[in-house]
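Asks: need a structure here:
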Amino acid sequence: MLTVLKPDFEFSDERGLLVQLVHDGYKQVNMCFSKGGTERGGHFHALNKETFYIVSGSLEITVSENGKNEKYCFSKGDMFAVERNTDHSLKFFEDTVMIVMYDNGVENPDGTKDIINTIKK
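Replies: Numbers count the residues shown, from 1 in each chain. The predicted structure follows:
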């Protein structure tokens with residue numbers, strides 16, 4: 001359901017830090033800011049693996065598939081991927097900045113989105 005990853009490459013010197021997250025395999029990349037105490041998710045993607053890199057902050061993610069639930073906590077510098085068809089919800093402990101990558105992109109050619117909500121509103 002969820003895979004913990006490492007960036008492809010990191011380099012630091014007196015000027016600062018460069019982190020190469022990936023060099024291949026993603027068609028959509030977003031920057032996401034979430035305020036502490038908020039939640040996102042309650043959905044899954046049928047056509048996309050979704051990969052997250054935490055730039056700053058911290059969160060708890062719950063992933064669910066076939067009645068099985070798992071919870072993980074991540075913070076600055078952590079990277080992980082949520083597999084296709086895995087329901088996921090994120091709770092942010094503090095203001096959090098993430099890079100979010102999709103291997104196929106969520107916008108479908110017919111104008112719909114590969115976001116299947118699982119929370120009833």
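Asks: so where's this protein shaky on pLDDT?
Replies: Residue ranges of the chain with pLDDT under 70: 120-121.
Asks: for residue 52, what are its contacts?
Replies: Residues in contact with residue 52 (CB atoms under 8 Å, 6 or more residues apart in numbering) are 74, 79-82, 98-101. Backbone N, C-alpha and C define where each C-beta goes, glycine included.
Asks: let's see that with 6 Å instead.
Replies: With contacts defined as CB atoms under 6 Å, 6 or more residues apart in numbering, residue 52 is in contact with 80, 98, 100.
Asks: then residue 92?
Replies: Here residue 92 is in contact with 34, 36, 38, 59 (criterion: CB under 6 Å, 6+ apart).
Asks: ok, it to residue 53 distance?
Replies: 15 Å (CB to CB, to the nearest Å).
Asks: now the residue nearest the centre of the chain: how far from residue 7?
Replies: A centroid search over the chain (CA atoms, centre = their mean) returns residue 52, at 3.2 Å, as the residue closest to the centre. Applying CB to CB, the value for residue 52 to residue 7 is 12 Å.
Asks: just to revisit the earlier point, quick one: which of the contacts of residue 52 sit in strands?
Replies: Mapping the contacts of residue 52 onto strands (DSSP state E) picks out 80, 98, 100.
Asks: sorry, back to before: what pairs with the residue nearest to the centre of the chain across the strands?
Replies: Here residue 52 sits in beta bridges with residue 80, residue 100, as judged by DSSP bridges.
Asks: what about residue 18, how many neighbours?
Replies: Using other CB atoms under 10 Å as the criterion, residue 18 is surrounded by 11 other residues.
Asks: next one: phi and psi at it?
Replies: phi -120, psi 130 (degrees, to the nearest 10).
Asks: same deal with the one 4 residues further on?
Replies: In this entry, residue 22 is assigned phi and psi values of phi -150, psi 160 (degrees, to the nearest 10).
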